[in-house]
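> coordinates only, sequence not included:
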């Protein structure tokens, strides 16, 4: 399937009259207040980036206050109490409200264009993720004005953050505030992963994907497995704070180090979740600026896969000083050094590409040079920190502060700013100011080195992190003063970029420009409907290989030149070799994602301050909105085949493992399963570290009879779904409903029996780490029983209205997947709970 | 005698673990610096030159794969050897031993424990309790925010905490080790140099984490033994009338409910043992130099000097009482 082989384009000219107008009409953006109801990823992506930049500024202001406080020893601009809130908020805002959102936002903006899709598969999910993040993030930030901001550090180590040493609301704001960010990040990851795998243009096989797609695919997978540990950790700490269930309290069978394991099992992959997308951007820009294809494409893909994998095996290098045996540390030291190899491999690929090409002298290039300088230095200090004995000195000092800022600013901020200058013309039709860009780049480069290089030395001279003041006479004064001056220089550089954006960036409707002569699809002529027609892709740089492609696409000579079904739609292709499979009908503008997002944020924040009525209202609004949007997310198949051109006829419906619905459900189950796996890890971890018995002899084991009953009930659930599936295949809808209701009863019986296995003994969750983790496993089943009730109710309602049959069955299939998952999870939980019997 | 910086990893005490880490650090700075320069030269040339042919395999597999893999392997072996050496401080041959420890075995297990002087350090928000258990030598010595150890002898700090996580870090002497609730951790110290070094809490431990320092005084063996013997002596009620005013004020102000002064009825345990407070280098965990003026200021303004700490500001004393109390405490050398 290659364009060169057939001289005929999929569609011929002239195009029928009215085709273009209908296409434009269905994709037209709402006006006035209704502009907020947009769900199009390109629009949401821009807002998302804008919001992330706002949080960059807010987090940066906090940093400037801190640097001013530390300019001289013994300063009293802020006191310890406020300073501790400032550094906690600075870290939390930069990591959770800027770094992770901005890389997801850039993905949401760039991916549809880069893969020639009209949109990604779940636009309302992206809109929801944005609104929950934006509203929730802003309210979270305002806690700093009410003396309510968290003060336990962005890493929130218990027992400092548990109920005894941090009473009050501050820590709860962090724990629940991070809750909606986690939901938002995972929603974004599902959109990105399923979008990359299923909405690529025909012919864009995996090995022809722009390297950025690889980066985001790997990052999406990393979010799916990397965020669950922190989701579980925050839930456990909140349970400990609210109900005194011991997970991290050593005196009652918990362990403070459990938190550190869970947190860094998230925290370290998180660094690469931030870096890999930026590395993907660098790969794209390096190739274009050098005007040659990227050298070592396959090596870079392997390197990114390796980085993603190894990043889950390094978390203990944040814990080298916890007194673990040197032998265990050695393993993590080796892994930490090993992760430098794929990074080095990418750096050398980029240098080789630049070497081969004739490099354009423009602002993106300068920011890329800044990236090389800052990131390579940060990478080298990272290797130093991987050396265990050296880390014993450098850990928790300003040396680490310097290192992490070099890595994050070099590895993410410089590439993102290069990207702003590089991709701004794609949205606004013209470049930003070259002059301002160059100045900003130079000032930022000087600023970042002036701020952070002296910190290496301050750290080695004995300056720990997270100190609100330091004593004079220890040689720290000049280095701190330099850092403070540098911070303001750096801020000035960033201000110039923001000013440039304000002066020169105006999103345009129709954009037809390729200012850097790039080779990838995002530089096809764009409008609100994305591209006029979807090309067949035969190489990694289609625009370089076929000079006429931009014109052909814009004239509608390629696939899907109009709207086939009369609404928004995009082509779904197979995951590996990108063969077209069906037309995905996309939703239009809607208030529902806005309401759901705001409702979610309100729920978490009101729960923090225990405004229960407000919280419940928020939850109901969110839940109602989501159910309403789900109601029309499985539209009836028309039964027709639609000719998208080139003899290609596609249906407008797909069920089973070829549907985007199935893929997203599977991804969601991976997230769910990862959270549960982290809970099992917590249980087993506490078992191994508890010397006084797990559970101690004074406590019973769960009841065997009730546990067996629960296992039987879960098997009934699975059996009922099996029967329901058979009944649906035979179009016996009443039978399906009855089987589903049996499954529902089985679920609640299983939950009740599991709960009774614990409550029927002397186990109480406050008593010991064994009991708290066992009760949490059962509570987790309870949460799933609620979800399953909603899903089964939803499915039965649709069945009774004739909205589910043997063809139109995505809703049923998702309920089925969830039910099987719940049954398996419930049985595993019971087995794990009883596993300490083996040791008796 | 002592080099100017008492708390610098770049200026380690001679014969200490920090010295070994500093040598490792020098190798890292030189190696890292060279790699950085080479990469920067390559990037610059790559941008300045036009359309040069490039052998991708040579660049990517040579520069990106083989070179880092080789360098990092060598570095890993070196660092494991240093790590084992640090854990083996106090075993035969002391620091030189590290070269023999290229294997992965736990060197600490082989260290003969008898040679090692154990000192217990307990982290608290926001100060340090230091305890010498001296079985058969007249009972334990407890002091605060100051640790003394003999030169040329391996010392093992037994680290624990009564509240949150802290971390003991004396940059001139050794790396840091955390103090974690429910666990005891250990850190070996040794130096041939007599002097005063500063240690700090390196793990964020809440409000006044920044004001949690401790002085480590290293002394020749005889001086150390003399100091320790003196620390074991108890306090007798003062005869000087002015000091007696201070002594009475101490009990009238309920100071004894939190502080112990051995030899008097004061036996509180919430705050630092004050038996020999007058002889210490600092007050409030390295926050104030120790003299009669800062002592008075600390008693009357503990919440102003270090807001949020557990010692209340004692505002009920008259000026005379405050001076007398400070003088009495200062006399507890």
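On my side now, so go ahead. Source: prediction; values computed, not measured. Residues are numbered from 1 along each chain as shown, chains lettered A, B, ... in the order given.

> quick check, residue B:216 in a helix?
No: under DSSP: H, G, I helix; E, B strand; the rest coil, residue B:216 sits outside any helix and is assigned strand.

> for residue B:121, see how far away it is.
As judged by C-beta to C-beta, to the nearest Å, residue B:216 and residue B:121 stand 10 Å apart. Heads up, the C-betas are built off the backbone N, CA and C, glycines and all.

> who has more neighbours out of these two?
residue B:216 (26 against 21; other C-beta atoms under 10 Å in any protein chain shown).

> first-to-last residue distance for stretch A:21-34?
This stretch, stretch A:21-34, spans 22 Å end to end (C-alpha to C-alpha, to the nearest Å).

> which parts of it are buried?
Buried residues in stretch A:21-34, counted by 16 or more other C-beta atoms under 10 Å in any protein chain shown: A:23-24, A:26-27.

> please apply the same query to stretch B:12-31.
B:12-13, B:15-22, B:24-25, B:27-28, B:31.

> quick one: distance of that stretch to the chain centre.
Its chain's C-alpha centre and that of stretch B:12-31 lie 18 Å apart, by C-alpha atoms, centre = their mean, to the nearest Å.

> isn't residue A:559 right up against residue A:646?
Yes: the criterion here is C-beta atoms under 8 Å, and residue A:559 meets it with residue A:646 at 6.4 Å.

> identify the contacts common to these two.
Counting by C-beta atoms under 8 Å, 6 or more residues apart in numbering or on different chains, the shared contacts of residue A:559 and residue A:646 are A:10-11, A:536.

> which ones among those lie within strands?
Judged by DSSP state E, strands contain none of these.

> near chain B, which of these show up?
Taking C-beta under 8 Å from any C-beta of the partner chain, there is no overlap between the shared contacts of residue A:559 and residue A:646 and the neighbourhood of chain B.

> for those, which one is nearest chain B?
residue A:536 (28.3 Å; C-beta to the nearest C-beta).

> re the thing from before, list residues touching both of residue B:216 and residue B:121?
By C-beta under 8 Å, 6+ apart, the residues touching both residue B:216 and residue B:121 are residue B:147.

> for chain A, which helix is longest?
helix A:256-290 (DSSP state H).

> could you identify the helix or strand that succeeds that helix?
Next along the chain after helix A:256-290, taking DSSP states H and E as the criterion, comes helix A:297-310.

> report the buried residues of that next one.
Quick answer for helix A:297-310 (16+ other C-beta under 10 Å): A:297, A:299-301, A:303-308, A:310.

> about what we covered before: out of the shared contacts of residue A:559 and residue A:646, list just those in helices.
Using DSSP H, none of the shared contacts of residue A:559 and residue A:646 sit in helices.

> take those and write them to JSON lines, including neighbour count and distance to residue A:386.
As requested, the shared contacts of residue A:559 and residue A:646 are exported to JSON lines (neighbours: other C-beta atoms under 10 Å in any protein chain shown; distance: C-beta to C-beta, whole Å):
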{"residue": "A:10", "neighbour count": "24", "distance to residue A:386": "53"}
{"residue": "A:11", "neighbour count": "22", "distance to residue A:386": "56"}
{"residue": "A:536", "neighbour count": "24", "distance to residue A:386": "46"}
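
> nearest to residue A:69 among those residues?
Taking C-beta to C-beta as the measure, residue A:69 lies nearest residue A:536 of these, at 59.4 Å.

> so the closest one sits against residue A:203, correct?
Yes: with contacts counted by C-beta under 8 Å, residue A:536 reaches residue A:203, the gap being 4.6 Å.

> report the separation between residue A:11 and residue A:527.
Residue A:11 is 18 Å from residue A:527, by C-beta to C-beta.

> how far does stretch A:421-438 sit from its chain's centre?
The answer for stretch A:421-438 is 27 Å, by C-alpha atoms, centre = their mean.

> next: stretch A:47-66.
19 Å.

> so residue 327 is in which element?
Picked chain A for this. Short version, using DSSP H and E: residue A:327 is in helix A:326-338.

> can you look at chain B instead?
helix B:319-331.

> helices or strands next to that helix in the packing?
helix B:241-252, helix B:292-305 (3 or more C-beta pairs under 8 Å, 6 or more residues apart in numbering or on different chains; DSSP states H and E).

> out of these, nearest to chain A?
Per C-beta to the nearest C-beta, nearest to chain A of the helices and strands packed on helix B:319-331: helix B:292-305, 10.8 Å.

> if I look at residue A:92, how far off is residue A:231?
15 Å.

> oh, I was asking about residue A:24
42 Å.

> how about residue B:255?
48 Å.

> kindly report the same for residue A:444.
Residue A:444 is 34 Å from residue A:231, by C-beta to C-beta.

> and those two? Which one has more around it.
residue A:444 (25 against 21).

> now the more buried one: closest residue in space, sequence neighbours ignored.
residue A:493 (3.3 Å; C-beta to C-beta, 6 or more residues apart in numbering or on different chains).

> wait, isn't the one you found in contact with residue A:437?
No: using C-beta under 8 Å, residue A:493 is not in contact with residue A:437; the gap is 10.6 Å.

> neighbour count for these two, which is higher?
Counting neighbours by other C-beta under 10 Å for residue A:493 and for residue A:437 shows that residue A:437 has the greater number, 25 against 20.

> since that was my last question, I'll sign off now.
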